[in-house]
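J.: 3D model of this:
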Amino acid sequence: MELLCEAIGCLVVCISTCGTHAASYTARYFTYSTTAVSWNTAYTTCSLARGHLITVDNKVIINVLKYIRAQPEAAAVSRMIWMGLYNAAPTSDVPVYIWDDCKHLDDSNSMWRRGEPNFVQTHRCIITSPGYKWKTRPCTQTHSFFCESVANVDCTFEKELGQKCEMGGVLLSKTMAEDACATRCQEDMDGKDVCWAYEYNNIFRQCNLLFGSDPYMCETLQENRMFITGRRRCFKFADITGSEVTGPADSFPNCSITEVTTTETPAVTPTTSMIGTTVETITSTSATTSTTPDTTVMISTTLETTTTTIPTTAISTSDSAVTSSVTPTVTTTSTTTTTTPTIPTTTTSTSDSAVTSSVTPTVTTTTSTASSPTAEVTPTITTTATKRH
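T.: Predicted coordinates:
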């Protein structure tokens, strides 16, 4: 596919993931066939070229397709085209839609036409209409198709000296070199909009970034000798009509119909200090269930007195505050006391008020003795209640 692009001189465009930041896009190839074929043949052709059928699920992709189809050489592409989405569970009443690169459909990005999907068992394969809405169709129908594959090259900028786009944009406050301006365009976003071009003022060293969902927003330029305009280019596209590979009717990706999701459990880092619990007041909309930590005190045989104090525990709400001070004094006859507490902060929150609950730890005393020392625990509990109206 690279050789084909080099041979015919592919146009370059940009979509979906270059660079290292959220707005970045990797360079990709689009190839298309004007020949009407079945979904299975389209899928087989793309797979053998180490790509997949196109994923049409956002405005950037739609604008790229519009641009390609506006080229004279792509005029014969059919009004409806196959894309990579298909029903992987045709025997079930509940369809499971998966892209042919085995990614499950994200319903938040779905673009179904009204009334779709329907006939889900017999219409397994999906086309995109002239308005780029999705429709189910029998896989044996014939339509043109686009393949998509990732290129192992970086996006570039097509620079025009003495030219300006004249489309507004976001003027950065700091002066900078032109290379730094281009880097900012690779990395920055304005909400969900991507930077597709920059305008650099050579006199004042100012950088203006142009954001949007259309990679071709800055195709028309005006002369202005003070500026250099860089238009971001990441995608190449080419016509592969005539190189289709016929696929059997049962030619589908070998994808799992069960989506695997990974949930990360955050690690809890205990605080090692005096026996006690840190108290905070937090207002949020989530609730956390508390657990009761244990503290183990190991005591050896030589006689000595160790006193451990548990700090004040506070409970507060938005309307009233109740403070309970618990100060037990634990006197143990021992020589060496090793304390290993594992007491994380426990917080319980509601949407209107925040309640922080501190759990009194359990103290376990283990005595290893030849002279039978005794451990006496005399708790002193002081409770103070204050209510605000």
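J.: can you pull the contacts of residue 180?
T.: Contacts for residue 180 (CB atoms under 8 Å, 6 or more residues apart in numbering) come out as residue 207. Using the backbone N, CA and C atoms, a C-beta is placed for each residue, glycine as well.
J.: please identify the helix or strand for it.
T.: Using DSSP states H and E, the element containing residue 180 is helix 178-187.
J.: and the following helix or strand past that helix, what does it pack onto?
T.: Next along the chain after helix 178-187, taking DSSP H and E as the criterion, comes strand 189-190. If contacts are counted by 3 or more CB pairs under 8 Å, 6 or more residues apart in numbering; DSSP states H and E, strand 189-190 sits against strand 206-212.
J.: parallel or antiparallel, list what pairs with the helix or strand following the strand it packs on.
T.: Sequence-wise, the next helix or strand downstream of strand 206-212 (DSSP H and E) is strand 222-233. Its sheet considered, strand 222-233 pairs with strand 156-164 (antiparallel), strand 193-201 (antiparallel) by DSSP bridges.
J.: what about the helix holding residue 180, average pLDDT?
T.: The average of the pLDDT scores along helix 178-187 is 94.
J.: ok, now which ones touch residue 170?
T.: Going by CB under 8 Å, 6+ apart, the list of residues near residue 170 reads 190, 208-211.
J.: neighbour-wise, which one of these leads?
T.: Neighbour counts for the contacts of residue 170, by other CB atoms under 10 Å, peak at residue 210, which reaches 24 neighbours.
J.: that residue against residue 200, yeah?
T.: No. Contact criterion CB atoms under 8 Å: residue 210 and residue 200 do not qualify, at 11.7 Å.
J.: kindly report the domain assignment for this protein.
T.: Per the record, the chain has its domains at 2-151, 157-232, 294-384, by automatic domain parsing.
J.: show me the contacts for residue 105.
T.: By CB under 8 Å, 6+ apart, the contact set of residue 105 is 85, 97-99.
J.: grab the nearest non-local neighbour of residue 28.
T.: residue 235 (5.1 Å; CB to CB, 6 or more residues apart in numbering).
J.: so what's that neighbour bridging to?
T.: residue 13, residue 28.
J.: so what's the residue count around it?
T.: Applying other CB under 10 Å, we find 25 other residues in the vicinity of residue 235.
J.: looking at it, it is touching residue 67, isn't it?
T.: No. Judged on CB under 8 Å, residue 235 makes no contact with residue 67 at a distance of 9.6 Å.
J.: most surrounded residue in the contacts of residue 105?
T.: residue 85 leads those on contacts (other CB under 10 Å) with 28 neighbours.
J.: who are the neighbours in contact with that one?
T.: Applying CB under 8 Å, 6+ apart, the residues near residue 85 are 55, 97-100, 105, 125-126, 134.
J.: try it again with 6 Å
T.: Going by CB atoms under 6 Å, 6 or more residues apart in numbering, residue 85 touches 97, 99, 126.
J.: kindly report the same for residue 144.
T.: Per CB under 6 Å, 6+ apart, neighbours of residue 144: 33-34, 77-78, 81.
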